[in-house]
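*Asks:* got a predicted structure here, sequence first:
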Amino acid sequence: MALLSVHSIELSLKVCQGTNILLKYFTIIMVIFLHIPQTCNARKSKRHCPPSACGHIRDISYPFRLNSDPKHCGFSEAELACEGNKTFIWLFSKKLYVQAINYHNHTIRLVDPTLQRDDLCSLIPPYLTFHHYNTARFHPHYNYTRGSESNIKRAAEPIFMFNCPFAINTFLEISGCKSSRYTYLKIGEMNASEVGDGCRAEFIGLTSWPNIKDHVHNNIISLSDFHQAILYGFELYYIGFTECM
């Protein structure tokens with residue numbers, strides 16, 4: 001009987017040891033499992049920050065944030081600055097003025113603050129080019145699929161202004177500034193082969209001005225129209241800001 005009691009005790013100890021090991025593994029698994037939603041909730045808190053405001057931009061919220069907001073709000077790539085009651089963002093190594101943010105269609109409208117608003121004939125700085133600007137987060141267009149068809153949705157159209165020593169009938173001539181050269185405007189994609197030798201690009205950019213296509217369709221445009229289109233700014237889709245699912 002004594003031997004059986006000792007054997008029983010040994011078996012009980014082994015069972016207890018096995019149970020303790022299982023409990024340890026179970027505890028570790030539970031800690032990991034419980035930590036996952038906490039991590040997700042911490043990341044999702046980017047959405048749950050109160051909105052900020054600067055000037056006429058009254059609802060600065062996810063994925064954007066002001067540089068004075070807590071760092072856990074929004075994304076650093078979408079950080080805005082409030083200067084002189086105006087909202088700015090740094091994109092493409094340029095400081096751009098934020099005209100509007102549309103959270104419904106995920107667009108932000110921007111304009112270069114160095115544009116000359118009063119002088120129509122010298123409104124554009126010579127270095128201003130936005131045509132090829134793209135980042136992982138901001139795009140002037142995006143591809144989407146509807147059924148079996150692939151389409152491109154554009155938030156802004158490329159816009160070119162160039163002058164030539166001779167007349168080109170296939171482009172819209174802009175009148176209004178005295179010049180010994182012919183000045184032309186082109187909306188939409190353009191190849192270098194479309195422009196003759198001796199022509200010089202004055203501006204390559206983007207515009208989202210709602211009326212610009214109507215002017216081009218009617219083949220009538222003035223320098224003031226072009227000026228208004230540029231000052232209206234261009235929209236970019238903001239995409240790729242993801243959180244923990």
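*Replies:* Yes, it's here. Numbering: from 1, shown residues only.
*Asks:* alpha carbons only for contacts and neighbour counts from here, please
*Replies:* Will do.
*Asks:* can you pull out the helices in this protein?
*Replies:* Under the criterion DSSP state H, the chain contains helices at 2-44, 212-217, 223-232.
*Asks:* worst average pLDDT in those helices?
*Replies:* Mean pLDDT is lowest for helix 2-44 among the helices of the chain, at a mean of 47.
*Asks:* and Glu77, what pLDDT?
*Replies:* pLDDT, Glu77: 91.
*Asks:* residues touching it, list them.
*Replies:* Glu77 makes contacts with Arg137, as judged by CA atoms under 8 Å, 6 or more residues apart in numbering.
*Asks:* let me see the domain layout of this protein.
*Replies:* Domain assignment for the chain, taken from automatic domain parsing, gives 1-44, 47-83, 92-238.
*Asks:* in terms of mean pLDDT, which of these ranks lowest?
*Replies:* domain 1-44 (a mean of 47).
*Asks:* so what's Ile212 closest to, chain neighbours aside?
*Replies:* Leaving aside its sequence neighbours, Ile212 sits nearest to Ala229 (CA to CA, 6 or more residues apart in numbering; 6.7 Å).
*Asks:* ok, the one you found - contacts?
*Replies:* When contacts are counted by CA under 8 Å, 6+ apart, Ala229 is found next to Thr207, Ser208, Trp209, Ile212.
*Asks:* ok, Thr87 next?
*Replies:* Counted by CA under 8 Å, 6+ apart, Thr87 has contacts Cys54, Gly55, Ile57, Leu80, Ala81, Tyr97, Val98, Gln99.
*Asks:* and with 7 Å instead?
*Replies:* Contact partners of Thr87, counting by CA atoms under 7 Å, 6 or more residues apart in numbering, are Cys54, Gly55, Leu80, Ala81, Tyr97, Val98.
*Asks:* do Cys49 as well
*Replies:* Contact analysis of Cys49 by CA under 7 Å, 6+ apart lists Cys73.
*Asks:* how close does it sit to Tyr182?
*Replies:* Distance, Cys49 to Tyr182, using CA to CA, to the nearest Å: 53 Å.
*Asks:* isn't Tyr232 right up against Pro210?
*Replies:* No. Using CA atoms under 7 Å, Tyr232 makes no contact with Pro210, being 9.1 Å away.
*Asks:* so between these two, which is more surrounded?
*Replies:* Using other CA atoms under 10 Å, the more surrounded residue of Tyr232 and Pro210 is Tyr232, with 18 against 10.
*Asks:* for the nearest residue in space to the more buried one that is not next to it in sequence, phi and psi?
*Replies:* In this structure, Tyr232 finds its nearest non-sequential neighbour in Trp209, 5.8 Å apart by CA to CA, 6+ apart. Dihedral pair for Trp209: phi -60, psi 120, per degrees, to the nearest 10.
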